[in-house]
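# curious how this folds, go ahead:
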Amino acid sequence: MPDAFPRGAFALALWPGLEAEFLDAHRQEFMHCWCSGMLRALKEGPLLPLAPGSEVYRFTWIPSSRESFVIRIERRGPVHSLHVKVSGMEEGLLTVDRRILLTPTQWQAVQQHLDAARFWSLNRFFSSSGRVYLDGSEWLLEGGREGHYRVLSIHSPDPEGPERSIRALGAFLLELSGITLASGGLY
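Residues are numbered from 1 along each chain as shown. This next block holds a predicted model:
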């Protein structure tokens, strides 16, 4: 099976409060394999290589106790689209698999959320306090444009903490996708 992420993409994990944890080679390999497996289950492949003139972002939500989903938005020339997939309870089944066209206004709103979250420029994190979380969700935010790729792996971003703009980006993509979550919503 092809890798869904470039090697080394998981050198840094972020915890609530944007506390950084630099992962050793063993944990990087675990995250790489685990997240690649989740994307394969959602019938998603790697974002790279990018088609010339395209831009793509993918939000993968992996909760501890319910179905995962992925929302991928793309710009290919003048066409903007969103593709949403929700895993089913049985392995290999998707309960949602649909693509919708986005308006230029919606694409601009996505860009504004990306800018507010400093997706491409976020480079200062707090040092890790060594916390371990046994519950919550993993948020993977990936992007590719103009020959650049970035992935942020964030555990359960706090809506009131320093990562609130990243959480707002995920919530906005969820809203655009039209899917609704069971009780509890995003966490």
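# do a quick rundown of the strands in this structure.
12-15, 19-22, 54-63, 69-76, 79-87, 94-101, 126-127, 137-145, 148-155 (DSSP state E).
# distance to residue 30 added to the ones you listed, as a markdown table?
Every residue, glycine included, has its C-beta placed from N, CA and C. Formatted as a markdown table, the strands of the chain follow (distance: least, CB to CB, whole Å):
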| stretch | distance to residue 30 |
| --- | --- |
| strand 12-15 | 11 |
| strand 19-22 | 13 |
| strand 54-63 | 14 |
| strand 69-76 | 20 |
| strand 79-87 | 20 |
| strand 94-101 | 25 |
| strand 126-127 | 22 |
| strand 137-145 | 12 |
| strand 148-155 | 12 |
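# just give me the lowest mean pLDDT stretch among these.
Sorting the strands of the chain by mean pLDDT places strand 126-127 lowest, at a mean of 45.
# which elements pack onto the longest helix along the chain?
Ranked by residue count under DSSP state H, the longest helix found in the chain is helix 25-41. For helix 25-41, the elements it packs on are strand 54-63, judged by 3 or more CB pairs under 8 Å, 6 or more residues apart in numbering; DSSP states H and E.
# centre of the chain versus the strand it packs on, how much separation?
In terms of CA atoms, centre = their mean, to the nearest Å, the centre of strand 54-63 is found 4 Å from the chain centre.
# adjacent strands (with direction) for it?
Partners of strand 54-63 in the sheet, by DSSP bridges, are strand 69-76 (antiparallel), strand 137-145 (antiparallel).
# and the average pLDDT for the longest helix of the chain is what?
Per-region confidence: helix 25-41 scores 88 on mean pLDDT.
# buried sites along that helix?
Neighbour counts over helix 25-41 (16 or more other CB atoms under 10 Å) mark 28, 31-32, 35-36, 38-39, 41 as buried.
# make TSV out of the strands of the chain and add distance to residue 112 and mean neighbour count.
Putting these into TSV (distance: least, CB to CB, whole Å; neighbours: other CB atoms under 10 Å) gives the following:
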stretch	distance to residue 112	mean neighbour count
strand 12-15	22	20
strand 19-22	26	16
strand 54-63	13	21
strand 69-76	13	21
strand 79-87	14	19
strand 94-101	19	13
strand 126-127	25	10
strand 137-145	14	21
strand 148-155	18	18
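# hmm, back to that, could you dump the strands paired with strand 54-63 into CSV with distance to residue 174 added?
Output for the strands paired with strand 54-63, formatted as CSV (distance: least, CB to CB, whole Å):
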stretch, distance to residue 174
strand 69-76, 7
strand 137-145, 11
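# just the pLDDT for residue 134.
Note for residue 134: predicted pLDDT of 58.
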